[in-house]
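Trainee: For reference, the sequence and a predicted model appear below.
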Amino acid sequence: MLRYLAKRLAYYLVLLVVSVFLAYALASSALNPRAYFEEKQPRPSAAAVDRQLTALNINGHTPVVVRFGRWTEDLVVHGDLGRTIHGTSVNADFGRRLLVSLRLLVIGSLLGMVLGVAIGVWGAVRQYRFSDRALTLVSFVLLSTPVFLLALLLKNGAIALNQATGHQLINFTGYESPGLKGGLAAHLGDWSVHLLLPTLSLALIGLATYSRYQRGTMLDVLGSDYLRTAEAKGLTRRQALLRHGLRTAVIPMSTLFAYNFLAIFTGATFTEIIFTWHGMGEWFIQSIQENDTNSVVAVTLFTAVTVLLSGLLADTLHAALDPRVRV
């Protein structure tokens, strides 16, 4: 098991280096930080602009491989992600926004996966009954709804509910109430209220996706010989499904979870903007608009690490569920 995971970790480290370099090269070629300085008033000289760009390690006159080498050295040796186009530390922005996005991404993705698997199993066991058809209809409606539209519908629904009751029942702006006083319980309750709608907008899409796949894999298992053998040996239908059927049917979900995490991050970008969450998605959009190369690369590094960690988690779950892959 450990040998298998060590090989997968080494494979993911290589992928991380390649993906970050490609992201760095793409950001360096697509963005134009020189325009940011040339548009200042009074307009600086070309030599002054070059000095500023060189100091930030984003000068297009320097080969991209050399710039990436300096950036990597600062990151590995000093843990420094560079400076923003405004001259501030990228690390400061990264640290402030990291927990904001992880709070939303982890809860939204795990909630969508757990509920999606449960609903998929329920639909397969009750195939073609009213509950199965109703869940299928709801799933397809959710799958055909863009994330930003779903987030806007949830936000407008909260506004209507608050206006109808005359009370602020649901807070949907920001990830915490400014100036909140109290202990840990008060802060946890406040965070939970602010998490409700953004998490739902991500979890519902994941729920619909996972439930469709889980229903299909579970239907394949229901007619298998080993399930009938388990029942013939004395297990009840429920025991056979939980001990043998679900374990086999959930294996493809682990792989799907790894590759679906990037789609969840894309949806979180719109969700953060709509609900005013100052996380990685909002920072990514702002950095592109400002031609801030180092900040864009920092966000892509975060995305690559989270996606590859989810892949490692998926491999671990796969190996735990199916001993054959360890050989």
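Mentor: Received the coordinates, thanks. Numbers count the residues shown, from 1 in each chain.
Trainee: Give me the helices and strands touching the longest helix along the chain, please.
Mentor: Looking across the chain with DSSP state H, the single longest helix is helix 184-222. When contacts are defined as 3 or more CB pairs under 8 Å, 6 or more residues apart in numbering; DSSP states H and E, helix 184-222 packs onto helix 90-125, helix 130-143, helix 147-165, helix 246-249, helix 251-274. From N, CA and C alone the C-beta is placed, and that goes for glycine too.
Trainee: So which bits of the fourth one are buried?
Mentor: In this case it means helix 246-249. Neighbour-count burial for helix 246-249, with 16 or more other CB atoms under 10 Å as criterion, is recorded at Leu246, Thr248, Ala249.
Trainee: would you turn the residues you listed into CSV with distance to Ser45 and pLDDT?
Mentor: Formatted as CSV, the buried residues of helix 246-249 follow (distance: CB to CB, whole Å; pLDDT from 0 to 100):
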residue, distance to Ser45, pLDDT
Leu246, 68, 79
Thr248, 69, 79
Ala249, 67, 80
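Trainee: Pick the one among the residues you listed closest to Arg3.
Mentor: The nearest member of the buried residues of helix 246-249 to Arg3, counting by CB to CB, is Thr248 at 24.2 Å.
Trainee: Against Leu196, how distant is the closest one?
Mentor: 35 Å (CB to CB, to the nearest Å).
Trainee: what about Val138, neighbour count?
Mentor: Using other CB atoms under 10 Å, Val138 is surrounded by 15 other residues.
Trainee: Could you do Gly95 as well?
Mentor: Using other CB under 10 Å, Gly95 has 11 neighbouring residues.
Trainee: Am I right that Thr54 is in a strand?
Mentor: No. Read with DSSP: H, G, I helix; E, B strand; the rest coil, Thr54 is helix and lies in no strand.
Trainee: Next up, the contacts around it.
Mentor: Thr62 (CB atoms under 8 Å, 6 or more residues apart in numbering).
Trainee: buried sites along stretch 232-240?
Mentor: Residues Leu235, Ala240 are the ones in stretch 232-240 that count as buried (16+ other CB under 10 Å).
Trainee: Export that stretch to PDB, keeping only CA atoms.
Mentor: Extracted as PDB, the C-alpha positions of stretch 232-240 are listed here (Å, rounded to 0.1, in the frame of the first residue of the first chain):
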ATOM      1  CA  ALA A 232     -27.600 -17.200  -0.500                       C
ATOM      2  CA  LYS A 233     -25.100 -17.500   2.300                       C
ATOM      3  CA  GLY A 234     -27.500 -15.900   4.700                       C
ATOM      4  CA  LEU A 235     -27.000 -12.100   4.400                       C
ATOM      5  CA  THR A 236     -30.100 -10.000   4.100                       C
ATOM      6  CA  ARG A 237     -30.500  -7.900   1.000                       C
ATOM      7  CA  ARG A 238     -29.500  -4.700   2.800                       C
ATOM      8  CA  GLN A 239     -26.400  -6.400   4.300                       C
ATOM      9  CA  ALA A 240     -25.300  -7.700   1.000                       C
END
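Trainee: from the chain's centre, how far out does it sit?
Mentor: 38 Å (CA atoms, centre = their mean, to the nearest Å).
Trainee: got the contact list for it?
Mentor: For stretch 232-240, contacts defined as CB under 8 Å, 6+ apart pick out Leu227, Ala230, Glu231, Arg243.
Trainee: in what helix or strand does the third one lie?
Mentor: Assignment of secondary structure by DSSP states H and E places Glu231 within helix 225-232.
Trainee: What is the subsequent helix or strand relative to that helix?
Mentor: Downstream of helix 225-232, the first helix or strand assigned by DSSP H and E is helix 237-240.
Trainee: quick one: contacts for Glu290?
Mentor: Tyr36, Ile85.
Trainee: List the buried residues for the longest helix of the chain?
Mentor: Going by 16+ other CB under 10 Å, helix 184-222 has these buried residues: 190, 193-195, 197-215, 217-218, 221.
Trainee: Now do that helix against helix 147-165: the angle between them, please.
Mentor: 130 degrees (axes from the mean of the first three to the mean of the last three CA atoms, to 10 degrees).
Trainee: Once you drop chain neighbours, what's closest to the residue nearest to the spatial centre of the chain?
Mentor: Closest to where the C-alpha atoms of the chain average out (CA atoms, centre = their mean) is Phe265, at 3.4 Å. Leaving out its chain neighbours, the residue that sits closest to Phe265 by CB to CB, 6 or more residues apart in numbering is Thr303, at 5.8 Å.
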